[in-house]
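# Quick one: sequence and predicted model below, then my questions.
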Amino acid sequence: MLTRGFVAVIALAILGIYLATLQTIPNGSSDPYMIDVGETQVALNVWGTLHATGYPLYTILGNLLTPLPQIFRVNPAAAASLTSTFWSLLALIGFYLLLYRFTQRPVLAVSGTALLALMRSIWIHSIVAEVYSLSLAILIGLWLVALSESPLRLRILGLALLFGIGVAHHRAVAFGVLGLFFALLPQMYTERRRVWRILPGATLLFLVGFLPYFYLPLRANAKASWLYAEDVNTWDGFWFNFWGREADYLVTTPDSLQGWIDNFEGTLEILTRELTLPGLIIGIVCLLLAGRFSPHHKLYWLTVLSGLGFFVFAVSYHRAVLPEAIVMMFLPSVVVWVVLTVDWLYTHQDGYGLAGVVFMLVWAAALVPYSISFITKLTDDKTGLASIAAASSVPRVPLEQPVLMMSWGPRYFAASYSRLVTGENADLLMVDHNTDFAHLTAEGKTIYTEPDTLYGYPVAWWEQRVGKIYLTAAAPSLVRLSNAPRLVEISPEALQKPIEAGIWLAGTTVTCDEETVTLAVGWYAAQAPGRDLSVKVHLTRAESPVPLFQADKNAPVFGWRPTSSWVEGELVQDFYTLPRLPEGKQIILGMYEQLPEGTFANYGDTTLAVECP
């Protein structure tokens, strides 16, 4: 009873850690771990399709699973993350059963499972919407079948079906085949005549794993709202997606000795991050000790050969996919070697084995503070929410026909989540950077984007596609791109204050929310300024001009609209965001420039009261 209670406590602790760190918001992180998470959050909620190679089985099962948590009012983003939690828990249960079967020590088995569960990549892929948790579950399933005591025929057929499912899901699963082959080899040799009769059926079962690929053209024909590739209902498009041809330039081996060395060192660096440096050394020692002393040779060699396959893949094709996701498939082998070594210690004296278990639990516990800040930084990234806010702030002016452009990636995925999943921006037309913008502007549509988009797609990029453009701010995180400046006639009496070089302050508004103070500014060019001025925005105390926070920009409109580009009669809208601080009672707004002698000249300083309710 005590043993069962211990196993239950460890299992609940793992589940609690996963749920406490689960990603529950639309992803905004651009970290390599997270680059495709937003896409998956959308696809798993609208029966969409994913990037090559498509991952149809994962998508189908994910769309079947995500509605279940939503019955209990779990939001769609968290529901998508929970699908990964489900697959990881399935993998961990299988891993526990595997360790228990060979050691007959539940405390040791659950300790090894906890150690695996809290390694960084396993943890991350258990709490975000990504495909690799299913890969892990399939791998553990393959090990269980290969090492089962079922008749050879059932094992071969079971492995063929599950291996086909695995390879269809992610091609890298194929690199674990050597360990599976070793587990069956002695009996296959003994019963080699029967094996030849089994192979035709096994081949058919292997191919069954690829049947989910019919999902891709079916969804394309149905005009699904989220399609990574709209041409998968054509032969060329289907095979291009199936083979992942768009990533062919990444699926290459190094072309020099230094390249191989770099890949090897990069793989070791990942292993070090996963295990810690002492953990990596312990893993190597246990690899040697388990091979020398453990009686469980079949399990040992299966994990060695399987792990070797994934290690070779990570070194050979280091850029083909996220290398951490491939190394993740190596980690169960390391834990098996550690468990087998501790199991051997038990055979000498229970105290030695118990000390090994305690060490494993301490190691697992140490991985929590080691990784948690890194992981929560990924899962709590609010950039996706900011992109949704930008989408929501696009002016809905029917005659203007607004279009929001975001580059394909996490920001686009987050805004699409708000459009297709939650429906809060369902009325908004969205496009990515591959769109024919000349055609859009010819139709009279107005393009909006986030300020950060202009780092990757600057004004020159836009002007190559649509001609001369004039930028103005449309909201605190939104830029309006127009082919013509906004020209108005305003008499000096109606303007708030002259600044410099023909620039006037036309109007200001200060608003507050719980966390920020937003300053909206209207600048007016009574004449073309002819030179560049920067903007000063200082949040200060009421009694002191010393800034508590500065939102200065080298140019208006988030730094993207130099005043030298303004034309006579143009009204330029601008926004500045500052933190809401209890002592921040006023904003000093003005313009400035650095003179040739190096000093700064300030122009038109205006004090604005911050009156937050």
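Thanks, I have it.

# Please enumerate the strands of this protein.
Ranges of strands within the chain are 402-405, 429-431, 446-449, 470-475, 478-482, 497-500, 503-512, 516-525, 534-540, 547-550, 571-579, 586-594, 600-609, based on DSSP state E.

# Any stretches of this structure with poor pLDDT?
Within the chain, the stretches with pLDDT under 70 are 1.

# domains in it, as residue ranges please.
2-379, 382-484, 488-613 (automatic domain parsing).

# Same list (these) but as JSON lines, adding mean neighbour count.
For the C-beta atoms, the positions are set from N, CA and C on the backbone; glycine is no exception. Shown next, in JSON lines, are the domains of the chain (neighbours: other CB atoms under 10 Å):
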{"stretch": "domain 2-379", "mean neighbour count": "19"}
{"stretch": "domain 382-484", "mean neighbour count": "18"}
{"stretch": "domain 488-613", "mean neighbour count": "16"}
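
# which one is Val397 nearest to, not counting chain neighbours?
Thr446 (7.9 Å; CB to CB, 6 or more residues apart in numbering).

# can you check Val251 too?
Ala320 (4.5 Å).

# you'd agree the one you found is up against Ala247?
Yes - at 6.9 Å, Ala320 counts as touching Ala247 under the criterion of CB atoms under 8 Å.

# Next, show the common contact partners of the two.
Both Ala320 and Ala247 lack any common contact, where contact means CB atoms under 8 Å, 6 or more residues apart in numbering.

# can you map out the helices along the stretch 151-300 of the chain?
152-169, 177-190, 192-208, 215-221, 235-242, 257-275, 277-293, 297-316 (DSSP state H, counting those that start in this stretch).

# Looking at those helices, spot the one closest to Pro398.
helix 215-221 (31.3 Å; CB to CB).

# from the middle of its chain, how far away would the closest one be?
25 Å (CA atoms, centre = their mean, to the nearest Å).

# how about it as PDB, C-alpha atoms only?
In PDB, the C-alpha atoms belonging to helix 215-221 read as follows (Å, rounded to 0.1, in the frame of the first residue of the first chain):
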ATOM      1  CA  TYR A 215      -7.300  13.900 -44.600                       C
ATOM      2  CA  LEU A 216      -5.200  16.500 -46.400                       C
ATOM      3  CA  PRO A 217      -6.900  16.500 -49.900                       C
ATOM      4  CA  LEU A 218     -10.300  16.000 -48.200                       C
ATOM      5  CA  ARG A 219      -9.900  19.200 -46.200                       C
ATOM      6  CA  ALA A 220      -8.500  21.100 -49.200                       C
ATOM      7  CA  ASN A 221     -11.600  20.100 -51.200                       C
END
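
# residues in contact with it?
By CB under 8 Å, 6+ apart, helix 215-221 touches 47-49, 54, 56, 59-60, 227, 229-233, 238, 241.

# Let me see the contact set for the nearest residue to Gly94 once chain neighbours are set aside.
Leaving aside its sequence neighbours, Gly94 sits nearest to Ile140 (CB to CB, 6+ apart; 4.1 Å). Contact analysis of Ile140 by CB under 8 Å, 6+ apart lists 91, 94-95, 98, 332.

# how far away is Ile140 from Ser491?
Relative to Ser491, Ile140 is positioned 76 Å away (CB to CB, to the nearest Å).

# Identify the residues contacting Asp532.
Asp532 neighbours (CB under 8 Å, 6+ apart): 555, 562-564, 593.

# Phe182 now?
301-302, 305.

# same deal with Ala526?
Here Ala526 is in contact with 492, 495, 502-504, 568-569 (CB under 8 Å, 6+ apart).

# hang on, Gln53 packs against Val173?
Residue 53: Thr, not Gln. No - the criterion here is CB under 8 Å, and Thr53 misses it with Val173 at 11.8 Å.

# residues shared between the contacts of those two?
With CB under 8 Å, 6+ apart, Thr53 and Val173 have no common neighbours.

# CA-only coordinates of stretch 442-454 in PDB, if you can.
The C-alpha coordinates for stretch 442-454 follow below in PDB (Å, rounded to 0.1, in the frame of the first residue of the first chain):
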ATOM      1  CA  ALA A 442      -5.900  48.400 -56.800                       C
ATOM      2  CA  GLU A 443      -9.100  47.100 -55.300                       C
ATOM      3  CA  GLY A 444      -9.100  50.000 -52.900                       C
ATOM      4  CA  LYS A 445      -8.200  48.100 -49.800                       C
ATOM      5  CA  THR A 446      -6.200  49.700 -47.000                       C
ATOM      6  CA  ILE A 447      -3.400  47.800 -45.400                       C
ATOM      7  CA  TYR A 448      -2.600  47.700 -41.700                       C
ATOM      8  CA  THR A 449       0.200  45.900 -39.900                       C
ATOM      9  CA  GLU A 450       2.100  45.800 -36.600                       C
ATOM     10  CA  PRO A 451       5.100  48.200 -36.300                       C
ATOM     11  CA  ASP A 452       7.500  45.300 -35.800                       C
ATOM     12  CA  THR A 453       6.500  43.900 -39.200                       C
ATOM     13  CA  LEU A 454       8.500  46.800 -40.700                       C
END
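
# who does the longest helix seen in the chain touch, helix- and strand-wise?
For the chain, the helix with the greatest residue count under DSSP state H is helix 350-379. Counting contacts by 3 or more CB pairs under 8 Å, 6 or more residues apart in numbering; DSSP states H and E, helix 350-379 is packed against helix 106-117, helix 120-124, helix 331-348.

# got the angle for that helix vs helix 331-348?
160 degrees (axes from the mean of the first three to the mean of the last three CA atoms, to 10 degrees).

# any idea of the angle helix 350-379 forms with helix 277-293?
Going by the same axes, to 10 degrees, helix 350-379 makes 140 degrees with helix 277-293.

# and the angle from helix 350-379 to helix 106-117?
Going by the same axes, to 10 degrees, helix 350-379 makes 30 degrees with helix 106-117.

# Centre of the chain to helix 350-379, how far?
25 Å.

# Verify the contact between Leu90 and Ala137 for me.
Yes - here Leu90 reaches Ala137: they are 4.8 Å apart, a contact under CB under 8 Å.

# any idea how far Pro56 is from Phe238?
When Phe238 is compared with Pro56 (using CB to CB), they lie 11 Å apart.

# Overlap in contacts, the two.
With CB under 8 Å, 6+ apart as the test, Phe238 and Pro56 both reach 213, 216.

# returning to what we had before: just name the closest of the contacts of Phe182 to Gly604, please.
Distances from Gly604 to the contacts of Phe182, taken by CB to CB, are shortest for Leu305, at 73.8 Å.

# who's in contact with the closest one?
With CB under 8 Å, 6+ apart, Leu305 has these contacts: 178-179, 182.

# Quick check: chain neighbours aside, which residue is closest to it?
Nearest one to Leu305, counting by CB to CB, 6+ apart, is Gly179 at 3.9 Å.

# hang on, that neighbour packs against Ser306?
Yes - if you go by CB under 8 Å, Gly179 and Ser306 touch, sitting 3.2 Å apart.

# list the residues that contact both of the two?
Trp143.

# re earlier: tell me what angle the longest helix of the chain forms with helix 257-275.
Using the same axes, to 10 degrees: helix 350-379 against helix 257-275 is 110 degrees.

# Dump the contacts of Ala526 into JSON lines; add distance to Leu420 as well.
Listed next are these as JSON lines, based on distance: CB to CB, whole Å:
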{"residue": "Pro492", "distance to Leu420": "49"}
{"residue": "Leu495", "distance to Leu420": "44"}
{"residue": "Gly502", "distance to Leu420": "46"}
{"residue": "Ile503", "distance to Leu420": "42"}
{"residue": "Trp504", "distance to Leu420": "43"}
{"residue": "Glu568", "distance to Leu420": "44"}
{"residue": "Gly569", "distance to Leu420": "41"}
